[in-house]
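Colleague: Output the structure for:
(one chain, ligands or ions: 1)
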Amino acid sequence: MDMEIDAGQAGPGVEIDRERQVKAKEFARIRRRLSYVNMGIAAVGVCLLLFTGLAGWIRDQLRSLNWQPVHGWFPLQVVCFFLIVMLGYEIITAPSGYYGFTLSRRYGLSVMTLKSWLRDVLVGLVLEVAPGIAALELIYLLLAAQPDSWWLWVGLVMLFFSVVMANLAPVLLFPLFYTFRPMPESELTQRLLALAKRANTHVRGVYTFDMSRKTTAANAALMGLGNTRRIVLGDTMLDRYTHEEIEVALAHELGHHVHHDIWKLILSQSLFTLAGLYVANVVLHWAVQSQHLYAGLADVATLPLLLALTALFGFIVMPLSNSFSRYMEYQADEYALQSTRKIESFKGMMTRLANQNLSDVEPSPVIEFFFYDHPAIGKRLKHADKFIQSERTP
Ligand SMILES: [Zn+2]
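Modeller: Numbering: from 1, shown residues only. Presented below is the predicted three-dimensional model:
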């Protein structure tokens, strides 16, 4: 194999579009403000529920739903309480959600109609509410039946569920939003298969999906577990990138495959979830047993406390899990550089992505630390430069 760096094989020179960078920073700033507004609404809502006696009042209104299949577990009260809280939040934040949609359209990213956007919002809501109810019922059942070890069981069930969902997502969930097609066999897929073979691994397939129906942005990903494992590539990438650039993007995804990143993600998230559940267990016991704030652990009025703890814990863990994700992305970039040695194509691909997706290439380090699950594109470009240098110094 020719191990020379193909600096001469670069595609047509692409550069970071400075005008689009101004727009990118503006877009990111408005979107961040929007998410702060939503967080603020959630925080105010949870505080109202927690500190004004509202949670107890709602529970009292639900008293008549006293079907009790297991002593202390009132599944109907759990469903109703959750739906009241959830729908309340969705209704109050609906205007900001709609504003976000018009914003993406105004900045030329979204090409969705209001109708198709609404449809996706509703499908997404069902996909959130149904597992949310299932998880809460399990939590309250176990709080009633296993008050000391409930958190461990819930953590284990969630781990099992996330493995099953990682397997089913490409065949069950994503088809609800996109249509996948196997990528037609070409010189490009041949190259990828050769790359995979050289890594002593194989991917089960390369698919493209109709991303262009919804957005002008591009993306590629590794999806699925076991028999559903695949690399997917947005059709918004196919016609605008050189073959070498697409090859490097696919090599990056292959890097995730070789490094078992989906497993690492599932395991790290499960550990975070377990830690969060344990903290919730300690706080719940304290609130019930030494503060006598609730009738019992399985009292449905504890639901806002659980939600508040989940949100707070998620907020604390976010920079940690994002740091871990950025580390995995860095390693996948390294793999793409090493396996293809197409450094200029790597840079070309990253530059096109930044221009096309309106990504801020140099966000403030604080913003990157908290919110970015991929390294900023400026850093990924520097990574490629460093790679060239390390290759030149033996
Ligand atoms: Zn990646």
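Colleague: how many neighbours does Lys347 have?
Modeller: 24 (other Cβ atoms under 10 Å). C-beta coordinates here come from the backbone N, C-alpha and C atoms, glycine included.
Colleague: and it, which of the three is it?
Modeller: Following DSSP: H, G, I helix; E, B strand; the rest coil, we place Lys347 in the helix state.
Colleague: so it makes contact with Ala384?
Modeller: Yes: judged on Cβ atoms under 8 Å, Lys347 makes contact with Ala384 at a distance of 5.1 Å.
Colleague: the helices in the protein, which residues?
Modeller: 18-51, 54-61, 75-106, 114-145, 150-172, 187-198, 235-238, 243-258, 261-285, 303-340, 343-357, 365-371, 377-392 (DSSP state H).
Colleague: The ion: which of the ones you listed is closest?
Modeller: Each of those has some distance to the ion by Cβ to the ion; the shortest is helix 303-340, at 4.7 Å.
Colleague: now the closest one, how far from the centre of its chain.
Modeller: 9 Å (Cα atoms, centre = their mean, to the nearest Å).
Colleague: TSV please, covering the helices of the chain and showing distance to Gln68 and mean pLDDT.
Modeller: Below are the helices of the chain laid out as TSV (distance: least, Cβ to Cβ, whole Å; pLDDT from 0 to 100):
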stretch	distance to Gln68	mean pLDDT
helix 18-51	24	95
helix 54-61	14	94
helix 75-106	8	95
helix 114-145	9	96
helix 150-172	17	95
helix 187-198	55	83
helix 235-238	53	92
helix 243-258	47	92
helix 261-285	20	95
helix 303-340	17	95
helix 343-357	52	96
helix 365-371	43	95
helix 377-392	55	91
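Colleague: can you list those in JSON lines and add distance to Ala220?
Modeller: JSON lines is the format used below for those (distance: least, Cβ to Cβ, whole Å):
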{"stretch": "helix 18-51", "distance to Ala220": "20"}
{"stretch": "helix 54-61", "distance to Ala220": "44"}
{"stretch": "helix 75-106", "distance to Ala220": "20"}
{"stretch": "helix 114-145", "distance to Ala220": "21"}
{"stretch": "helix 150-172", "distance to Ala220": "14"}
{"stretch": "helix 187-198", "distance to Ala220": "11"}
{"stretch": "helix 235-238", "distance to Ala220": "7"}
{"stretch": "helix 243-258", "distance to Ala220": "5"}
{"stretch": "helix 261-285", "distance to Ala220": "14"}
{"stretch": "helix 303-340", "distance to Ala220": "11"}
{"stretch": "helix 343-357", "distance to Ala220": "9"}
{"stretch": "helix 365-371", "distance to Ala220": "21"}
{"stretch": "helix 377-392", "distance to Ala220": "14"}
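Colleague: Go through those helices and name the closest to Arg181.
Modeller: Comparison of those against Arg181 by Cβ to Cβ identifies helix 235-238 as nearest, at 8.7 Å.
Colleague: Now find how far off-centre the closest one is within its chain.
Modeller: 21 Å.
Colleague: got the buried residues for it?
Modeller: Neighbour-count burial for helix 235-238, counted by 16 or more other Cβ atoms under 10 Å, picks out 235-237.
Colleague: quick one: which of the helices of the chain is nearest Phe209?
Modeller: Nearest of these to Phe209, taken as Cβ to Cβ: helix 235-238 at 6.7 Å.
Colleague: show me the contacts for Arg326.
Modeller: For Arg326, the contact set (Cβ atoms under 8 Å, 6 or more residues apart in numbering) comprises 372-375.
Colleague: if we go to 6 Å?
Modeller: Pro375 (Cβ atoms under 6 Å, 6 or more residues apart in numbering).
Colleague: Use 92 as the first number for this chain going forward.
Modeller: Let's use 92 as the start, then, which means that last one is Arg417.
Colleague: Okay, it and Ala467: tell me how far apart.
Modeller: Per Cβ to Cβ, to the nearest Å, Arg417 is found 9 Å from Ala467.
Colleague: what's the answer for Val137, then?
Modeller: 32 Å.
Colleague: And Leu375, by the same measure?
Modeller: From Leu375 to Ala467 the distance is 39 Å (Cβ to Cβ).
Colleague: who's more crowded, the two?
Modeller: Leu375 (24 against 20).
Colleague: Can you report how many residues neighbour Gly346?
Modeller: 24.
Colleague: you'd agree it is up against Ala423?
Modeller: Yes: between Gly346 and Ala423 there is a contact at 3.6 Å, judged by Cβ atoms under 6 Å.
Colleague: Can you report phi and psi for Tyr390?
Modeller: No Tyr there; residue 390 is Asp. Torsion angles at Asp390 (phi, psi; degrees, to the nearest 10) stand at phi -60, psi 130.
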